[in-house]
Structure formats: structure tokens, C-alpha cells
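1. Take a look and give me a structure for this.
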Amino acid sequence: MIVAVLAMAIANSPWAEAYHAFWSHPVSLQVGGFNLFSHHGEPLTLMAFINDALMAVFFFSVGLEIKREVLVGELSSLRQALLPIIAAVGGMIVPVAIYFAMTAGTPAEGGLAIPMATDIAFSLGVLSLFGKRVPLSLKIFLTAFAVVDDIGGILVIAFCYTSHLAGGYLLAAFVILAILLIANRMQVMSRTFYCVSGIVVWYLFLQSGVHATIAGVLVAFTIPSIPCLNVKKYITRIRENIAEFPHFDKSSILLTPNQIDVLKSIESASDKVISPLQFMEDRMHGMVNYLIMPLFAFANAGITLSGGGGEIAGMVTYAVVLGLVLGKFVGIYLFTWLAVRMRVTSLPQGMDWKNVAGVSLLGGIGFTVSLFIANLSFGASDEILLNQAKLGVLAGTVLAGILGYIVLHVVLPSKKSVLSRADS
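-> Model prediction:
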């Protein structure tokens with residue numbers, strides 16, 4: 001959010017022209033006549049590189065999270081997943097309905113999907129400010145419905161923002177994806193193999209007409225989730241290695257060849273006990289959270305707040321704000337209430353209707369994915385509508401975050417009561 005504010009400040013300063021020109025510089029990674037960062041022979045601009053390449057890495061990370069949640073997380077059983085799935089469906093339908101009601105029949109209608117997204121990182125970030133005051137079930141509920149929300153956003157990007165399909169490239173991409181799935185079944189654990197193949201799939205998707213970020217999600221689903229070495233065998237091997245570790249001379253600053261071999265064996269075993277999925281997800285958090293997301297925000301949040309004729313904030317802005325703040329709240333809360341009322345499922349222990357209201361408001365924190373969909377909706381066609389949509393995303397995200405924080409601050413138990421309960 002700090003980077004987004006910085007982008008807006010620069011875009012409305014004397015450096016505005018240089019700021020906008022900077023993102024149009026071409027980007028190349030070329031070997032001979034082949035440029036990896038090109039689309040139909042033309043090099044990607046820096047803006048396109050961020051939105052098509054770096055955001056593919058972001059969605060690869062999202063895909064890994066989704067796969068983990070489906071395999072062992074809150075979406076691993078229908079009974080566990082039912083309530084957040086229903087909540088997420090409501091949180092997508094109502095914002096889209098509000099946006100459509102306000103923009104039907106206008107050029108702004110193309111941005112229907114903008115207010116349907118929830119940013120997992122930012123919404124959980126606000127929730128984490130309350131520390132131990134937050135019941136575990138509430139944190140799980142928010143994570144699960146945000147993941148389902150992401151699945152909805154990914155499907156929208158795949159099916160609604162695809163044009164001019166190039167069948168040959170798409171067929172080649174799916175052949176490689178099939179090879180990756182076979183390699184997974186054959187327990188091929190090389191992370192390099194999956195990463196290099198993933199880059200090839202991304203390039204083919206970029207040329208095919210399907211948005212290249214979808215490649216990141218699909219490749220993530222092929223990453224093995226089972227480690228080469230189970231924990232019991234790992235512990236046994238470590239104990240054997242420690243028992244066999246040659247005598248260490250405290251006076252020596254160098255290890256013997258035998259000691260190095262033992263340590264290499266321990267290192268190899270440690271590497272094999274972590275599945276490629278968990279390893280990649282863990283390693284990518286820092287890059288996604290502290291590089292890709294801020295860079296994406298800096299490139300895409302530079303809204304120019306100048307010009308007359310109602311161009312700064314228009315119908316798109318109001319529709320996005322209402323969709324994120326009101327639509328998300330009503331959709332998540334209402335569908336959750338209906339599911340419990342109709343006895344389809346029940347509220348988990350630790351959750352009540354007051355804290356559900358707070359989390360429903362946090363669902364309106366769209367930010368990253370909403371900005372991304374805004375770019376897909378208006379980026380190439382209407383700069384004015386794009387600026388209005390971005391302003392709506394930023395305003396709606398901030399408003400939803402503040403309202404959610406206020407509600408949760410009031411309804412969650414105080415620190416003293418949490419500590420006293422822990423002591424008892």
C-alpha cells in the first residue's frame with residue numbers, strides 16, 4: 001500500500017511523464033534471434049513484463065497454495081470446505097451484480113470481475129494485527145474463502161480475457177503439462193525440471209492468446225506434493241549419520257573428507273524430506289511479497305488525478321467501491337448466514353456472527369488481483385476507465401480494510417481476557 005501511494009504521488013508530480021515513459025521500455029532476454037520476453041515477435045514492454053511474466057510467478061505461488069489447501073488444508077474435505085466455498089460464491093456473485101446494475105449498457109460494463117477478488121496477503125495481514133485475539137477458526141475461514149475466491153478469479157481470467165487463440169501453441173503447452181503430470185506420477189522430484197518446463201509453458205501460453213498468468217497456476221498443479229523421503233526414514237538416517245560422525249578435533253578449523261561426506265548425506269536427506277511443492281511455496285513467499293507485489297503496485301497504481309469532466313472518479317470508481325465494500329460484505333455474510341440457517345453446515349467453534357461480519361468486510365480488500373483484472377478489462381482500450389477502476393480498487397480496499405479492522409477491534413475479545421483464559 002505504501003508503494004501504491006508512492007506511485008500515485010509520482011504520477012501526479014513533475015516526474016509524471018518520465019514515470020509513464022519508463023514502463024514502455026522494451027525488455028529482452030535474447031539468444032540469437034529468439035527473445036523469450038516477446039509476444040508475436042515484438043518485445044514485451046516493462047509494464048507487460050511485470051503484468052504477464054512476474055504476475056505469472058505470483059499466480060504460480062497462488063496455485064501452490066491452492067493445491068496445498070486442496071490436499072491437506074481447509075479444502076481437503078467437503079465438510080471442511082463447504083462453508084468457505086459458499087461464502088466465497090456469495091462474495092463473488094453480489095459484487096458482480098452490484099457492478100452490473102450500475103454499469104449495464106455502458107463501456108464500463110467490461111470490468112464486471114474487478115470487485116470479485118479478495119487479496120489473501122493483505123486481508124490476512126489486517127487480521128494478523130489482532131494477534132491471539134483472533135480465533136483459529138476465523139483465520140482458517142478467511143484463508144479458505146480467499147483461496148476459493150482466487151480460484152474464481154483465475155477461471156474468469158482464463159475464460160473471459162482470452163482472444164485470438166493460436167491452437168498450435170496451446171496444444172504444445174498442454175502436451176508439456178501432460179508430460180509434467182506424468183513426471184509427477186513417476187516421482188520425478190527435480191525442481192529445475194519443473195521450473196524450466198514451466199517457463200516453456202508460460203512462453204507458449206503467451207503466444208497462444210490465453211493469458212500467460214494461467215500457465216503459472218496450471219504448472220503449480222503439476223508440482224509433486226509428496227517428498228522422496230518420509231519423516232521416519234529421515235530421522236533414522238540422521239541418527240545413523242550422527243552416530244557415525246567421525247571424531248571432531250576441536251583444535252582443527254577444517255573438516256576431514258569423511259566428515260564432509262557425512263554432512264553431505266545429512267544435507268541430501270534434509271532436501272529429500274521436503275516435497276517440491278512445500279519447498280517452492282516456502283522459498284517464493286519472500287520474492288512474491290517483497291518484490292513482485294510491490295513492483296506490480298508501483299507500476300499499476302500510478303493514477304493521474306488531473307483533468308476535468310468527471311474523469312478522475314466516475315461510475316466505474318463508484319461501482320468498484322460499492323462492489324468491494326458493500327457487495328463483498330453482503331455476499332459473504334448473507335451466504336454464510338443462509339448456509340447455517342438452512343442447516344447445510346454450521347459455524348465452527350470460536351466463530352460468531354459478529355466476527356463473521358468483520359471478516360466479511362475484510363473480504364473487500366481486493367488490491368492485487370482486482371488491479372490485475374482492471375488492467376485486463378480496460379488497459380488496452382480506455383485509459384480513463386482504467387484510472388477510474390484503479391482508483392475504485394484502491395479506495396475500496398482501504399475502506400474495506402479500515403471498516404473490517406474497526407468491527408473486529410470492537411467484537412474480538414480483549415487481550416486481557418485472552419491472556420487470562422490462557423493462564424487458566
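
2. Which helix or strand contains the spatially closest residue to Ala319 that is not a sequence neighbour?
-> Counting by CB to CB, 6 or more residues apart in numbering, Met102 is the residue found nearest to Ala319 once chain neighbours are left out, at 4.1 Å. Glycine gets a C-beta too; all of them are placed from N, C-alpha and C. For Met102, the host element (DSSP states H and E) is helix 78-103.

3. on contacts alone, who are the packing partners of that helix?
-> Applying 3 or more CB pairs under 8 Å, 6 or more residues apart in numbering; DSSP states H and E, we find helix 78-103 packed against helix 136-160, helix 315-322, helix 328-341.

4. helix, strand or coil for the residue nearest to Ile157 when sequence neighbours are not counted?
-> Nearest residue to Ile157 in three dimensions, chain neighbours excluded: His211, at 5.4 Å (CB to CB, 6+ apart). Following DSSP: H, G, I helix; E, B strand; the rest coil, the label given to His211 is coil.

5. show me where the stretch 251-400 of the chain has helices.
-> Along the stretch 251-400 of the chain, counting by DSSP state H, counting those that start in this stretch, helices occupy 257-272, 276-287, 293-300, 315-322, 328-341, 353-362, 367-378, 383-411.

6. For the closest residue to Ala53 other than its chain neighbours, give me its contacts.
-> Take Ala53 and drop its neighbours on the chain: the residue closest to it by CB to CB, 6+ apart is Phe37, 6.6 Å away. When contacts are counted by CB atoms under 8 Å, 6 or more residues apart in numbering, Phe37 touches Val27, Ser28, Leu29, Pro43, Leu44, Phe49, Ala53.

7. where does this protein dip in pLDDT?
-> For the chain, applying pLDDT under 70 flags the ranges 162-163, 244-253, 306-311, 380-381, 416-424.

8. And the residue nearest the centre of this structure?
-> With distances taken as CA atoms, centre = their mean, the residue of the chain nearest its centroid is Val62 (4.3 Å).

9. Give the other helices and strands that the host helix or strand of it contacts.
-> Here Val62, judged by DSSP H and E, is contained in helix 55-71. The contact analysis (3+ CB pairs under 8 Å, 6+ apart) places helix 55-71 against helix 136-160, helix 213-222, helix 276-287, helix 293-300.

10. ranking these by burial, who's on top?
-> Most buried of the helices and strands packed on helix 55-71 by mean neighbour count (mean count of other CB atoms under 10 Å) is helix 213-222; its value is a mean of 24.

11. contact partners of that helix?
-> 52, 55-64, 66-67, 154, 157-158, 173, 177, 180-181, 183-184, 194, 197-198, 201-202, 204-206, 372.

12. ok and it relative to helix 367-378, angle-wise?
-> Interaxial angle of helix 213-222 relative to helix 367-378 (axes from the mean of the first three to the mean of the last three CA atoms, to 10 degrees): 130 degrees.

13. still on that earlier bit, from the contacts of Phe37, which land in strands?
-> Val27, Pro43, Leu44 (DSSP state E).

14. which of the residues you listed tops the neighbour count?
-> Leu44 (22 neighbours; other CB atoms under 10 Å).

15. Report the separation between that one and Tyr169.
-> Computed with CB to CB, to the nearest Å, the distance linking Leu44 and Tyr169 is 16 Å.

16. And Lys390, by the same measure?
-> 31 Å.

17. which residue packs closest to the residue nearest to the centre of the chain, ignoring adjacent ones?
-> Closest residue in space to Val62, ignoring its immediate chain neighbours: Asp150 at 5.4 Å, by CB to CB, 6+ apart.

18. contacting residues around that neighbour?
-> Taking CB under 8 Å, 6+ apart as the test, what Asp150 contacts is Val62, Glu65, Ile66, Ala117, Thr118, Ile120, Val369.

19. Identify, from the residues you listed, the entry nearest to Ser275.
-> Proximity of the contacts of Asp150 to Ser275 (CB to CB) peaks at Glu65, which lies at 14.0 Å.

20. can you tell me which residues contact that closest one?
-> So Glu65 contacts Ile120, Val147, Asp150, Glu281 (CB under 8 Å, 6+ apart).

21. pretty sure Leu83 contacts Leu338?
-> No. Counting by CB atoms under 8 Å, Leu83 does not reach Leu338; the two are 11.0 Å apart.

22. Those two: which is more packed in?
-> Shown here are Leu83 and Leu338; by other CB under 10 Å, Leu83 has more neighbours (25 against 12).

23. Lys390 and Tyr169: which is more packed in?
-> Neighbour totals were compared for Lys390 and Tyr169, and Lys390 leads with 26 against 17 (other CB under 10 Å).

24. how far away is that one from Thr106?
-> As judged by CB to CB, Lys390 and Thr106 stand 18 Å apart.

25. Pretty sure Thr336 sits against Val89.
-> No. Using CB under 8 Å, Thr336 is not in contact with Val89, being 10.4 Å away.

26. Of these two, which one has the most company?
-> Thr336 (27 against 18).

27. Give me the nearest residue to the more buried one, chain neighbours excluded.
-> Here the residue nearest Thr336, using CB to CB, 6+ apart, is Ala87, at 4.7 Å.

28. burial measure for that neighbour, as a count.
-> 29.

29. hmm, back to that, in TSV, list the helices of the stretch 251-400 of the chain along with distance to Ile2.
-> Listed next are these as TSV, based on distance: least, CB to CB, whole Å:
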stretch	distance to Ile2
helix 257-272	36
helix 276-287	17
helix 293-300	8
helix 315-322	21
helix 328-341	23
helix 353-362	19
helix 367-378	12
helix 383-411	12
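
30. Go through those and name the closest to Val3.
-> helix 293-300 (4.4 Å).

31. Pull the distance from that closest one to the chain's centre.
-> 14 Å (CA atoms, centre = their mean, to the nearest Å).

32. what's the answer for stretch 143-150, then?
-> 10 Å.

33. what's in contact with stretch 340-353?
-> Taking CB under 8 Å, 6+ apart as the rule, stretch 340-353 contacts 79, 82-83, 86, 135-138, 140-141, 336-337, 339, 356, 411.

34. buried ones in that stretch?
-> For stretch 340-353, burial by neighbour count (16 or more other CB atoms under 10 Å) applies to Val340, Thr345, Leu347, Met351.

35. Just put those residues in TSV and tack on distance to Met8.
-> As requested, the buried residues of stretch 340-353 are exported to TSV (distance: CB to CB, whole Å):
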residue	distance to Met8
Val340	41
Thr345	42
Leu347	40
Met351	37
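
36. ok, these vs Glu17, which is closest?
-> Met351 (50.9 Å).
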